[in-house]
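Engineer: one predicted model, sequence on top.
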Amino acid sequence: MVDHKKKALFICLGNICRSPIAEAVFQKTVNDMNLGEHWDIDSAAIGGWHVGNPPDWRALDTLKKHNVPYNNHARQITSEDFDYYDYILGMDESNMKDLNKKAPKGSKAKLLLFGDFDPQGDRIIRDPYYDSDSKGFEKCYEQSVRCSKGFWEHIANEK
């Protein structure tokens, strides 16, 4: 049987702050349109420091505050991901540079900066890991909501 699901992978440095939020928000976006079964959505890290760990507690609190479910653990991107996923979305320019270096030649995934889909033009989703409070996580959530809608519109207009 042919798998016709669209596949999106959200990437940040450690897969415990930004990419889990982006993954959860985009999953909720497609679920709210009753299209969740047509998507395979995940997130991963550039580096392997947090593999197997849940997201930062501030990321989980932010998602919970907005009634966005999340139950996943950090993993590192693999070379196979570049052929499995249709879209791999980084959170900042450093992620994009690393993704372009890691991508095997001829891989199918489109490498995209998630922030390019923000209608407010806020292109970089800043890493809130070292913040002393949750404000950066809230900003990441708000950007992810806008970018998810913008990314969805982009996909819907693709041929």
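Structural biologist: Good, I have the coordinates.

Engineer: in this structure, where is pLDDT below threshold?
Structural biologist: The model of the chain has pLDDT under 70 over residues 1-3, 159.

Engineer: ranges for the strands of it?
Structural biologist: Ranges of strands within the chain are 6-12, 39-45, 87-90, 110-113, based on DSSP state E.

Engineer: residue 86: how many residues sit nearby?
Structural biologist: Residue 86 is flanked by 16 other residues according to other CB atoms under 10 Å. The C-beta positions use only the backbone N, C-alpha and C, and glycine is treated the same way.

Engineer: bridge partners for the closest residue to it other than its chain neighbours, pull those for me.
Structural biologist: Among residues not flanking residue 86 along the chain, residue 7 sits closest, at 4.9 Å (CB to CB, 6 or more residues apart in numbering). Beta bridges link residue 7 to residue 40 when assigned by DSSP bridges.

Engineer: pretty sure residue 7 is touching residue 38, no?
Structural biologist: No. Between residue 7 and residue 38 there is no contact under CB atoms under 8 Å: 10.3 Å.

Engineer: so which of the two has more stuff around it?
Structural biologist: Per other CB under 10 Å, whichever of residue 7 and residue 38 has more neighbours is residue 7, with 17 against 11.

Engineer: show the contacting residues for that one.
Structural biologist: 39-41, 84-87 (CB atoms under 8 Å, 6 or more residues apart in numbering).

Engineer: and it, how close does it get to residue 16?
Structural biologist: With distances taken as CB to CB, to the nearest Å, residue 7 is found 22 Å from residue 16.

Engineer: likewise residue 146?
Structural biologist: Counting by CB to CB, the gap from residue 146 to residue 16 is 22 Å.

Engineer: same question for residue 101.
Structural biologist: To residue 16, residue 101 is 22 Å away according to CB to CB.

Engineer: picking that back up, could the contacts of residue 7 be laid out in a markdown table, adding distance to residue 56?
Structural biologist: Formatted as a markdown table, the contacts of residue 7 follow (distance: CB to CB, whole Å):
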| residue | distance to residue 56 |
| --- | --- |
| 39 | 25 |
| 40 | 24 |
| 41 | 19 |
| 84 | 26 |
| 85 | 24 |
| 86 | 28 |
| 87 | 24 |
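
Engineer: buried ones among these?
Structural biologist: Buried members of those, counted by 16 or more other CB atoms under 10 Å: 39, 41, 84-87.

Engineer: and the furthest pair within these?
Structural biologist: 39 and 84 (13.2 Å; CB to CB).
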